[in-house]
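>>> Coordinates only, no sequence provided:
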């Protein structure tokens, strides 16, 4: 049997949206200012601030101070803007929270058993999320089911491209060297399912909420292994 790559979105697919919006985002928002000021000589933070300045200058035609960068980053959290510097900074802040034991990465109860089935069948697992690769590894590395990172072969964030663009999935096909038809993508977002299918992947829409029309409610209902 041909080896397959099972590619997963995170928010709303493997992980409850509430964990992201009611735990992770507020934690980053509460700690952002103090983290940046405390770590402003850290090379990673320096780059995040410089990248923020470039974006603000491009969009608003002025170069912000570090305090104004902090204000802008906080605004981007409130407006759920999926932008590189913010995603990188959130990952650094969440790293502290996970390591301090302030929270664990939420996973739906069917995720770990499904991952086990994939690996037992000799297939591979990948993640494609708008959150940074670092943030993805934290969710699975400090999950409620322990460290699942040894099970995961590939991580992709929006550096590979936007999640609603077919070219992004073509880039993933190229990066993994799998044939398009041998990649199965799971997401709760229709536009992401559409884009991945346009790139030739097999795709399944997973919606966790009973009021929504769904192809199946649980990952564990998938019988395609």
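Structure received. Please read these numbers as outputs of a predicted model, since none were measured by experiment. Residues are numbered from 1 along each chain as shown.
>>> From residue 161, how far off is the residue positioned nearest the centre of the chain?
For the chain, the residue nearest the mean C-alpha position is residue 129 (2.9 Å; CA atoms, centre = their mean). Distance from residue 129 to residue 161, counting by CB to CB, to the nearest Å: 13 Å. Quick note: C-beta positions are derived from backbone N, CA and C, even for glycine.
>>> List the contacts of the spatially closest residue to the residue nearest to the centre of the chain that is not a sequence neighbour.
Spatial nearest neighbour of residue 129, excluding adjacent residues (CB to CB, 6 or more residues apart in numbering): residue 10 at 4.2 Å. Contacts for residue 10 (CB atoms under 8 Å, 6 or more residues apart in numbering) come out as 20, 127, 129, 131, 136, 139.
>>> In helices only, show me those residues.
Judged by DSSP state H, the contacts of residue 10 include 136, 139 as members of helices.
>>> In ChimeraX, select just the buried ones from the contacts of residue 10.
The buried subset of the contacts of residue 10, as determined by 16 or more other CB atoms under 10 Å, is captured in ChimeraX by this line:
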select :20,127,129,131,136,139
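>>> Can you tell me which member of the contacts of residue 10 has the lowest pLDDT score?
Within the contacts of residue 10, residue 131 has the lowest pLDDT, namely 88.
>>> I figured that one hits residue 86, correct?
No - look at residue 131 against residue 86 with CB atoms under 8 Å: they stay out of range, at 10.3 Å.
>>> could you dump the contacts of residue 10 to CSV with distance to residue 108?
Formatted as CSV, the contacts of residue 10 follow (distance: CB to CB, whole Å):
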residue, distance to residue 108
20, 13
127, 15
129, 15
131, 17
136, 16
139, 12
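>>> Determine which two of the contacts of residue 10 are furthest apart.
Within the contacts of residue 10, 20 and 127 form the most distant pair, 14.2 Å apart (CB to CB).
>>> Now stretch 207-225: average pLDDT?
On average, stretch 207-225 scores 55.
>>> cool, and stretch 54-65?
Stretch 54-65 comes out at a mean pLDDT of 96.
>>> buried ones in it?
Neighbour-count burial for stretch 54-65 [16+ other CB under 10 Å]: 55-56, 64.
>>> Give me the distance from it to the chain's centre.
Mean-position distance between stretch 54-65 and its chain equals 26 Å (CA atoms, centre = their mean, to the nearest Å).
>>> hang on, isn't residue 73 packed against residue 55?
No - counting by CB under 8 Å, residue 73 does not reach residue 55; the two are 10.3 Å apart.
>>> what touches both of those two?
Counting by CB under 8 Å, 6+ apart, the residues touching both residue 73 and residue 55 are residue 85.
>>> The residue nearest to residue 84 when sequence neighbours are not counted: helix or strand, and which one exactly?
The shortest distance from residue 84 to any non-neighbouring residue, by CB to CB, 6+ apart, is to residue 51 (6.4 Å). Element membership for residue 51, per DSSP states H and E: helix 43-60.
>>> and after that helix, which helix or strand comes next?
Next in sequence after helix 43-60, counting helices and strands by DSSP H and E, comes helix 66-78.
>>> That following helix - contacts with which helices or strands?
Secondary-structure packing of helix 66-78 (3 or more CB pairs under 8 Å, 6 or more residues apart in numbering; DSSP states H and E): helix 25-38, helix 43-60, helix 84-100.
>>> Tell me which of the ones you listed lies nearest to residue 16.
Between these, helix 25-38 lies closest to residue 16; by CB to CB that is 13.0 Å.
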